[in-house]
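any chance you could fold what I've pasted below:
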Amino acid sequence: MSLLKRILNQCKKPSGRFGRFLAKGMNLGHSGLTKWGLGFIDIASDIDVLDIGCGGGRTVERLAGIATDGKVIGIDYSSDAVVVARKKNRMLINEGRVEILQEAVSSMRFSDGVFGLATAFESHYFWPDFRNDLKEVHRVTKENGQLLIVGAAYKNKKYDRRNQRIVDAIGMTYLSIEEFREVLEGVGYSEFDALEETNKGWFAVKCKK
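Got it, this is the predicted structure:
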């Protein structure tokens, strides 16, 4: 297995000492993208939020700083990422404002219509079945609730050659903005909107149930 593929597999599902190190690194490495993406959406202070693929937990912490009267639940299917994220959010967990759970996006334990906002920062690439997993996210979201997906790899010509190398190495969801629109509207979302930072290759898409 190539070094690139090993690293990407750890990004997909951090495991062991290196995986925990990588999850901590994501907190810093994704910070600028996360801040940029959160600026694209209005988040009420009393909203309940689901962060899918929470990694090292920094985004959960940011979301809890906005939804001060709500609750933020971060999920990740990596047990090692959950350990890191829980440590990062220990005080918020003790206050009852945050939960970090080991959970897969394809089949979540939550009841229908629980969350006012679902977010995915740099995690949707690795969902096993993007379209069907979106249906599961749609299920647990409240009526008129929102979905925000933010990432640093999408079809945008400028970075396609670089991104395609990563896609070929591991296989991942890699879409254009219009393809995002088609898939999201196809599973029942509406009011699609998108933001691009083309110089950095960043994108954010949002929509409503």
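
give me the distance between the most centrally placed residue in the chain and residue 101.
Of all residues in the chain, the one closest to the mean position by CA atoms, centre = their mean is residue 120, 1.8 Å from it. Going from residue 120 to residue 101 by CB to CB, to the nearest Å gives 15 Å. Backbone N, C-alpha and C define where each C-beta goes, glycine included.

for this structure, what spans make up the helices?
For the chain, applying DSSP state H gives helices covering 3-12, 16-29, 31-38, 58-66, 79-88, 90-94, 130-140, 160-170, 177-186.

and the shortest one, what does it pack onto?
Packing partners of helix 90-94 (3 or more CB pairs under 8 Å, 6 or more residues apart in numbering; DSSP states H and E): helix 58-66, strand 98-102.

of the ones you listed, which stretch is the most buried?
Greatest average neighbour count among the helices and strands packed on helix 90-94 goes to helix 58-66 (a mean of 22), per mean count of other CB atoms under 10 Å.

so for that one, mean pLDDT?
For helix 58-66, mean pLDDT rounds to 97.

need the pLDDT of the residue nearest to the centre of the chain.
Value for residue 120, per-residue pLDDT: 98.

that one reaches residue 133, doesn't it?
No - Residue 120 lies out of contact with residue 133 (CB atoms under 8 Å); the separation is 9.7 Å.

follow-up on the earlier one: comparing the helices of the chain, which yields the minimum mean pLDDT?
Across the helices of the chain, helix 3-12 gives the lowest mean pLDDT, at a mean of 66.

let me see the contact set for residue 202.
33, 36, 37, 150, 151, 152, 196 (CB atoms under 8 Å, 6 or more residues apart in numbering).

try 6 Å
33, 152 (CB atoms under 6 Å, 6 or more residues apart in numbering).

return the alpha-carbon coordinates of stretch 202-209 using PDB.
Written as PDB, here are the backbone C-alpha positions of stretch 202-209 (Å, rounded to 0.1, in the frame of the first residue of the first chain):
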ATOM      1  CA  TRP A 202     -13.000  25.100  -0.900                       C
ATOM      2  CA  PHE A 203     -16.700  24.700  -1.300                       C
ATOM      3  CA  ALA A 204     -19.800  24.800   0.900                       C
ATOM      4  CA  VAL A 205     -23.300  23.700   0.000                       C
ATOM      5  CA  LYS A 206     -26.400  24.200   2.100                       C
ATOM      6  CA  CYS A 207     -30.000  23.200   1.800                       C
ATOM      7  CA  LYS A 208     -33.200  22.800   3.700                       C
ATOM      8  CA  LYS A 209     -35.500  19.800   4.400                       C
END
